[in-house]
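A.B. asks: let me see the structure of the following:
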Amino acid sequence: MATLNAYSNDPGYYIRAWTSDLRNFNYKIRSEGWDIIDSDPNLTDGVQISWKYINTLKALGVVYTEESGVISPDDEKFTPDPDQTSESLSREEAMEFLDAIRSTRNLSTQELEQISSVLGIETLDDNHEELESNISSQIKEELSNNRKLSGEVCDSVVAFTPEWKTESDDLYHRLFIILVVKDNSGSVVTSTTHTVKFHDGTLADWSVIIESGCWKARGEAYQHVGSLLPIVVNNIEERFPTMTDTWLDPEINLTVEG
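C.D. replies: Numbering: from 1, shown residues only. You can find the predicted model right below:
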């Protein structure tokens, strides 16, 4: 198993590794990687580390040797034996390492997706269709059982953005919930649009757009938030438990368009 080591008389770290082709050898780590290691409490001098750590650092372009230069994760010369790559890395450890990376550098969408894949982290992008389906079915059940919520509302549409959206250098996901009001003929009379924004796995913002500014419409909109909030939170927590350890207190914004 590979080990992470700190230099005795100089700053920085190196990784002592082994492959069947190269036998024992040392990976060097560029200075940009030192802060990442220092930010992860699991990475200390002399600790044995999974190759998922190493391949992630390779993906970030901070691993090199004097002879070969910077090494990519798919460099066959430095590929370990299969029995080494099977080393486990818990989801909690993977998330802590990802947090350490994001605390020290800004990741592009492509880098975030690549690193999540290397670490084996399921992101909010994964299986979003199932997430939409679960939330939608639970909302429909709530509509039929909760007379305060249902009132005139008789249908709902749920859509989750399958990719990151960037605002002010921060990465967000959005969940859209549309509650639809229809008349007896089935024609749509009005709708209420709820946009739920997630940042780093926490609920950061809940925006509601209504078509009427009367007090009844405003009251119903906030009532909807109260009924929908536990459905959304429970589904996110169930699917991504380590991404929601600390839920933010979301700001609720109400906008009238009509």
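
A.B. asks: Ile101: how many residues sit nearby?
C.D. replies: For Ile101, the count of nearby residues is 23 (other C-beta atoms under 10 Å). For glycine as for every other residue, the C-beta is placed from the backbone atoms N, C-alpha and C.

A.B. asks: swap that for Arg16, please
C.D. replies: 16.

A.B. asks: beta-bridge partners for it, please?
C.D. replies: On the basis of DSSP bridges, Arg16 is bridged to Thr3, Asn26.

A.B. asks: mind listing what it touches?
C.D. replies: Contact analysis of Arg16 by C-beta atoms under 8 Å, 6 or more residues apart in numbering lists 2-3, 5, 24-26.

A.B. asks: repeat that with 10 Å
C.D. replies: 1-5, 24-27, 46, 48-49 (C-beta atoms under 10 Å, 6 or more residues apart in numbering).

A.B. asks: now, the most widely separated pair of these?
C.D. replies: Longest distance between any two of those is 17.6 Å, between Phe25 and Gly46; criterion C-beta to C-beta.

A.B. asks: those two: which is more packed in?
C.D. replies: Taking other C-beta under 10 Å, Phe25 and Gly46 do not tie; Phe25 has more neighbours (14 against 9).

A.B. asks: mind listing what's buried along stretch 137-146?
C.D. replies: Across stretch 137-146, burial judged by 16 or more other C-beta atoms under 10 Å covers 138-139, 142-143.

A.B. asks: next step: the residues you listed restricted to helices.
C.D. replies: 138-139, 142-143 (DSSP state H).

A.B. asks: just the element for Lys197, please.
C.D. replies: strand 188-199 (DSSP states H and E).

A.B. asks: pull the distance from the next helix or strand along the chain from that strand to the chain's centre.
C.D. replies: From strand 188-199 onward toward the C-terminus, using DSSP H and E, the following helix or strand is strand 202-210. Remark: strand 202-210 is offset 18 Å from the chain centroid, using C-alpha atoms, centre = their mean, to the nearest Å.

A.B. asks: parallel or antiparallel, list what pairs with strand 202-210.
C.D. replies: In the sheet, strand 202-210 lines up with strand 188-199 (antiparallel), strand 251-256 (parallel) (DSSP bridges).

A.B. asks: of all these, which one is nearest Ser133?
C.D. replies: The nearest among the strands paired with strand 202-210, by C-beta to C-beta, is strand 188-199 at 16.3 Å.

A.B. asks: check the offset of the closest one from the chain's centre.
C.D. replies: Chain-centre distance of strand 188-199: 22 Å, with C-alpha atoms, centre = their mean.

A.B. asks: domain map for the protein?
C.D. replies: For the chain, the structural domains run 2-119, 128-256, going by automatic domain parsing.

A.B. asks: buried members of the contacts of Arg16 into ChimeraX, please.
C.D. replies: Typed into ChimeraX, the line below selects the buried ones among the contacts of Arg16, using 16+ other C-beta under 10 Å:
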select :2,4,27,49
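
A.B. asks: which of the contacts of Arg16 lies closest to Leu98?
C.D. replies: Nearest to Leu98 out of the contacts of Arg16 is Ile49 (C-beta to C-beta; 15.0 Å).

A.B. asks: how far away is the residue nearest to Ile15 when sequence neighbours are not counted from Thr44?
C.D. replies: Closest residue to Ile15 in three dimensions, ignoring its sequence neighbours and counting by C-beta to C-beta, 6 or more residues apart in numbering: Tyr27, at 4.0 Å. From Tyr27 across to Thr44, the span is 17 Å (C-beta to C-beta, to the nearest Å).
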